[in-house]
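> next input, structure requested:
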Amino acid sequence: MNLFEKYGGADFWSDFLNTVYACLTTSEYVKKHFEGKNISHIKEMLLGLLELTLVSNVDIPRDEMKEFHKHLMISENEFNEWISIYRFTLDKSGVSEEDCALIIRILSSFKEVVVYED
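The predicted structure follows:
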């Protein structure tokens, strides 16, 4: 069974993303990135990405990811805060340590294309 289905499919991951974004939008470090944004749309996109990644291990095109994020000018500290919130929420949601580590490893692999460099 894949990780997306293992924890309850779309319902589980949608609830998970609701918790993640409740934390992100109140975090002093990253909330500026979400002010005035359509959070529901962002969560829908991420739910789709989670499904692609956790079901079929599809590689998300890094050049598209970099292009999408470059105008956001996300710092390394902001990226680390996002990872920290994600990790905390995975733990709180009952995702096993082994699965948490795998998911965080996948997310962390996007650091080079998400973090803004001068």
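
> please count neighbours and contacts with C-alpha atoms only from this point.
Will do.

> burial count for Val30?
Residues lying near Val30 (other Cα atoms under 10 Å) number 19.

> no, scratch that, I was asking about Asp99
13.

> could I get the buried residue list for the helix or strand bottoming out on mean pLDDT in the chain?
When the helices and strands of the chain are scored by mean pLDDT, DSSP states H and E, helix 62-69 comes last with a mean of 79. Within helix 62-69, the residues that count as buried by 16 or more other Cα atoms under 10 Å are Lys66.

> ok, stretch 92-111 next?
95, 100, 103, 111.

> my read: the last one touches Phe79, true?
Yes - counting by Cα atoms under 8 Å, Lys111 does reach Phe79; the two are 7.2 Å apart.

> can you show me the helices along the chain?
Secondary structure of the chain (DSSP state H): helices at 3-6, 9-24, 39-56, 62-69, 76-92, 97-108, 111-114.

> export those as a markdown table, with columns for distance to Lys32.
A markdown table is the format used below for these (distance: least, Cα to Cα, whole Å):
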| stretch | distance to Lys32 |
| --- | --- |
| helix 3-6 | 29 |
| helix 9-24 | 9 |
| helix 39-56 | 13 |
| helix 62-69 | 14 |
| helix 76-92 | 10 |
| helix 97-108 | 21 |
| helix 111-114 | 16 |
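
> among the ones you listed, which gets the worst mean confidence?
Per-stretch mean pLDDT for those is lowest at helix 62-69 (a mean of 79).

> can you give the contact residues for that helix?
If you take Cα atoms under 8 Å, 6 or more residues apart in numbering as the criterion, helix 62-69 is touched by 110, 113-115.

> ok now that helix, how far from the chain's centre?
14 Å (Cα atoms, centre = their mean, to the nearest Å).

> send the alpha carbons of it over as CSV?
Provided in CSV are the C-alpha atoms of helix 62-69 (Å, rounded to 0.1, in the frame of the first residue of the first chain):
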residue,chain,number,x,y,z
ARG,A,62,12.5,21.0,-10.7
ASP,A,63,12.8,23.7,-13.3
GLU,A,64,9.0,24.3,-13.1
MET,A,65,9.2,24.3,-9.3
LYS,A,66,12.1,26.8,-9.3
GLU,A,67,10.3,29.1,-11.7
PHE,A,68,7.1,29.0,-9.7
HIS,A,69,8.9,29.8,-6.4
